[in-house]
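1. Provided below are the primary sequence and the corresponding predicted coordinates.
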Amino acid sequence: MMKSKKELDYIFVLKAIKEISFSVGKKLLIDFLRGEESNKSIARNCLASKQNFGTLAYDEEELNAMIDNLILNNLIEVTSINGKKFWKVLELTEKGRKEIDNPVLYKKKLSFNFKETQTQITQKEKELFEKYSDFLNHFNDEQKKAIISSNEHILCLAGAGSGKTTVLTKRIEFLVKYRSVAPKKILAITFTRKARAEMMRRLEHISDVNIETFNSFCEKILRWYNNMIYSKTVRVINYRDKIVMVGKALSSLNISPEQATDIYFSYAQKKGKTTEQLQNIFMNDCFFIRDYYKFKNKSLRKLSFETANKDNKKSAELVFGVCNYIEAYMKKYGLRDFADQLIDAITLFEKHKEIIPKFEHVLVDEYQDVNSTQIKLVDILNSPNLFCVGDPRQSIYGWRGSDIRYILNFEDNYPTCDIITLTKNYRSTKHLVELINNSIKNMGLADLESTIEGEKDINLLKFSSEDAEFNHVLQKILSSDLPGNEIFVLARVNRQLNEISQRMKIAGIKHVVRSDEMKRSSKARKDDVTLATIHAIKGMEAKMVLIVGCNALNFPCKGTEHPVVDMVKVEEYDKEEEERRLFYVAMSRAKEILYLTYSGKKPTYFITKTMLELMDAKKEKLQLKIKEKINMDISKLSGTLVARLKSWRSSLAREMDLPAYCILHDRTLLEIAQKMPKSSAELEKIHGFGPAKIAKYGEDILRVVKG
């Protein structure tokens with residue numbers, strides 16, 4: 001594929017740093033690249049005569065984003081000048097120097113690797129659609145083709161909200177009902193227990209279909225054939241086993257759990273997390289890195305950790321010591337974990353080909369998230385018919401070993417395959433779909449088309465502080481008429497979730513937290529607001545979605561809560577592009593209402609100028625005017641009912657040590673003043689009141705109303 005000039009412009013940034021003979025700050029580098037001769041440092045150091053002076057005609061914001069991308073992908077590093085801790089400068093890494101002579105970063109971008117084609121529907125297929133019209137009646141033509149296509153190899157590219165699970169399960173139903181395929185000859189594989197349970201629910205009327213996660217499939221095989229691969233009974237580890245193993249490992253190293261977290265995490269990484277959470281992340285990271293190297297078919301050695309930082313070296317030695325202990329312990333006591341399940345099942349099949357189960361059809365869900373070991377398992381099963389469904393736009397697990405290249409290169413592996421693209425979105429309003437399309441425009445994928453009309457309700461809100469931002473989120477939830485399970489609060493990092501969760505507890509808002517490390521409730525009820533990291537919410541949807549922290553600090557996320565991920569330098573993907581896809585996944589959860597909130601100078605550069613134009617700027621100004629008017633009206637009404645209610649609320653808030661809005665918000669006070677309720681029954685009709693609040697505050701409020 002021919003390289004466009006724009007795709008390689010980042011090389012000029014690297015060349016400029018190399019050409020300037022001293023450590024350069026970001027502002028000076030940007031001015032140098034833009035040819036700003038008015039910059040005093042440029043004049044003083046005669047930089048205007050340099051070869052790369054003025055080579056890039058981008059605005060400051062675009063160059064900032066380009067430099068951030070290079071930092072994120074470890075081509076540039078940010079360092080401090082000796083004796084001036086807060087004076088940050090940019091330097092080329094060894095990887096950056098190599099990139100100048102042999103550019104590879106641009107090849108990791110979606111637009112370089114993949115060109116989506118329009119799905120062709122033949123006349124013969126239209127005739128078949130008519131033949132099976134009773135079965136296919138509710139589907140669009142692309143979905144119909146995915147359900148009934150007789151091609152041996154099919155890749156279904158299913159955009160957000162396009163009905164991928166429906167298509168996959170309906171295809172299985174079609175194979176059984178109209179192609180007479182025996183259910184036991186069908187294997188459907190997905191990634192999570194939740195997705196597996198949903199598939200099983202939809203296919204409960206068809207018995208004997210094999211619906212598994214990669215791990216549950218391998219676990220069954222290993223249990224059936226335990227003696228053919230192990231010398232003793234081996235079982236899969238549980239959460240308690242992990243705790244015991246890491247505890248024993250630390251004890252063998254003469255390190256307490258508290259010392260371990262102090263060594264492993266920086267001050268910033270510890271901020272806002274409990275001791276239990278830190279120990280949980282450390283434990284999971286140790287098992288993650290063990291699995292990562294097993295999937296790569298590499299042994300874990302000290303040299304595996306590419307780190308020059310002195311503090312990181314201590315962390316690397318700690319993780320290496322714990323992982324070594326875990327490996328020995330698991331072998332001794334007959335234990336296996338998730339990586340072992342796949343690797344041991346593959347080893348078993350390679351040694352005993354006669355026991356490989358024969359499936360006529362294998363269907364793989366979330367194909368954009370597969371890793372090399374999972375692909376090897378699919379290859380070993382060697383089914384004559386392979387149906388894979390996924391979405392490159394939602395590939396967000398490169399950091400843990402998933403490889404997007406398998407979905408991008410599907411046609412190379414299966415030249416006669418059908419590639420079927422599902423672009424009709426049945427989840428979000430057309431305004432939201434237009435916004436998310438624009439958020440990944442540069443990835444070269446087909447736009448989604450919304451099937452839902454609706455009011456535009458997309459909002460970008462700036463706050464003076466994170467505190468004000470989080471308080472606004474709580475007010476939005478308290479003032480909403482939506483059931484709690486139709487409200488998602490999403491954050492890029494766990495620290496923000498923890499902070500919002502604490503505030504919700506104080507406010508008495510029932511909620512479920514879904515973080516990268518743990519899900520603190522297994523099932524959300526109708527009255528529970530879901531709080532989640534974006535990785536943990538993938539595949540779910542809600543009417544209103546609030547995404548907090550939409551600034552350059554979090555999107556793209558420059559730090560990590562998992563130090564080991566930085567230590568091993570996972571290199572198979574473009575980190576900035578994956579972060580942009582993560583932002584896309586977050587926004588695409590919303591069905592009707594989207595709030596993007598941030599504090600600081602600017603929102604993330606992931607929000608483009610076009611996206612800003614698509615948002616409700618006028619509507620938000622109107623809301624602010626209404627709010628100002630309400631505040632003015634309240635200030636004018638001193639001595640009136642609203643003022644008396646506010647006075648009562650303030651007094652109670654001080655007594656209970658709560659923010660005032662946690663008792664009753666302004667909208668409720670205004671409605672009380674307007675409707676003048678005289679009984680508990682009348683209070684029930686006022687927004688924001690339920691039995692619990694009436695029991696707590698009803699008598700007091702009625703007394704204030706009576707005066």
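-> Perfect, I can see it now. Here the structure is a predicted model, which means the values were calculated and not measured. Numbering: from 1, shown residues only.

2. tell me the mean pLDDT over the helix or strand encompassing residue 248?
-> Secondary-structure element containing residue 248, defined by DSSP states H and E: helix 239-252. When the per-residue pLDDT values of helix 239-252 are averaged, the result is 96.

3. just stretch 12-19 next, same as before
-> The predicted model assigns stretch 12-19 a mean pLDDT of 95.

4. repeat for stretch 351-367
-> Across stretch 351-367, the average pLDDT comes to 97.

5. nearest spatial neighbour of residue 190, skipping sequence neighbours?
-> residue 365 (3.9 Å; CB to CB, 6 or more residues apart in numbering). Quick note: C-beta positions are derived from backbone N, CA and C, even for glycine.

6. Ignore what I typed, I meant residue 118.
-> Among residues not flanking residue 118 along the chain, residue 421 sits closest, at 7.0 Å (CB to CB, 6+ apart).

7. ok so that neighbour is a helix residue?
-> No - with DSSP: H, G, I helix; E, B strand; the rest coil as the criterion, residue 421 is located in strand rather than a helix.

8. any idea how far residue 392 is from it?
-> When CB to CB, to the nearest Å is applied, the distance between residue 421 and residue 392 equals 11 Å.

9. swap in residue 81?
-> For residue 81 relative to residue 392 (CB to CB), the value is 42 Å.

10. Looking only at neighbour counts, state which of these two leads.
-> More neighbours surround residue 392 than the other of residue 81 and residue 392, with 21 against 13 (other CB atoms under 10 Å).

11. contacting residues around the more buried one?
-> Applying CB atoms under 8 Å, 6 or more residues apart in numbering, we find residue 392 in contact with 110, 114, 157, 368, 404, 407, 408, 443, 445.

12. Kindly indicate the member of those residues with the most neighbours.
-> residue 157 (29 neighbours).

13. The stretch 251-400 of the chain: strands as residue ranges?
-> All strands of the stretch 251-400 of the chain, identified by DSSP state E, counting those that start in this stretch, fall at 335-336, 361-364, 385-390.

14. Determine which of those approaches residue 426 most closely.
-> In terms of CB to CB, the element of these nearest to residue 426 is strand 385-390, at 15.5 Å.

15. ok so, going back, sort out for me which of the contacts of residue 392 are in strands.
-> residue 157 (DSSP state E).

16. Sort the contacts of residue 392 by pLDDT and name the bottom one.
-> Checked by pLDDT, these have residue 114 as the lowest-scoring entry (74).

17. give me every residue that touches the closest residue to that residue other than its chain neighbours.
-> The shortest distance from residue 114 to any non-neighbouring residue, by CB to CB, 6+ apart, is to residue 408 (4.4 Å). Each residue near residue 408 by CB under 8 Å, 6+ apart is listed here: 110, 113, 114, 392.

18. Could you single out the nearest of those to residue 566?
-> Minimum distance to residue 566 across the contacts of residue 408 is 23.5 Å, recorded for residue 110 (CB to CB).

19. And for the nearest residue to residue 563 once chain neighbours are set aside, the neighbour number?
-> Distances taken as CB to CB, 6+ apart place residue 315 nearest to residue 563, at 5.6 Å, with adjacent residues excluded. By the other CB under 10 Å criterion, the neighbourhood of residue 315 contains 23 residues.

20. follow-up on the earlier one: filter the contacts of residue 392 down to just the ones in helices.
-> Members of these lying in helices (criterion: DSSP state H): 110, 407, 408.

21. how close does the last one sit to residue 108?
-> Spelled out, it's residue 408. When distances are taken as CB to CB, residue 408 and residue 108 turn out to be 10 Å apart.

22. before we move on, the earlier item: residues in contact with the helix holding residue 248?
-> Counting by CB under 8 Å, 6+ apart, helix 239-252 makes contact with 237, 256-257, 260, 282-284, 286-287, 321-322, 325-326, 329-330, 335, all of which sit outside it.

23. make it 6 Å
-> For helix 239-252, contacts defined as CB atoms under 6 Å, 6 or more residues apart in numbering pick out 260, 283, 322, 325, 326, 329.

24. Which single one of those residues is nearest to residue 529?
-> Using CB to CB, residue 283 is the member of these that sits closest to residue 529, with 28.0 Å.

25. tell me the pLDDT at the closest one?
-> Checking the pLDDT column for residue 283, the value is 94.

26. what do you get for residue 632?
-> At residue 632, the pLDDT value in this model is 47.

27. okay, now residue 75: neighbour count?
-> For residue 75, which is what you asked about, the neighbour count (other CB under 10 Å) is 24.

28. Checking residue 90 next. Helix, strand or coil?
-> Three-state call for residue 90 (three-state DSSP): strand.

29. Distance of it relative to residue 552?
-> When CB to CB is applied, the distance between residue 90 and residue 552 equals 16 Å.

30. Which of those two has more residues huddled nearby?
-> Neighbours were tallied for residue 90 and for residue 552 using other CB under 10 Å; the higher tally belongs to residue 90 (22 against 19).

31. returning to what we had before: wait, the residue nearest to residue 190 sits on residue 192?
-> No - under the criterion of CB atoms under 6 Å, residue 365 lies out of contact with residue 192, with a separation of 9.3 Å.

32. Tell me which of these two has more neighbours.
-> Summary of the neighbour comparison: residue 365 and residue 192, criterion other CB under 10 Å, with residue 365 having more neighbours (26 against 15).
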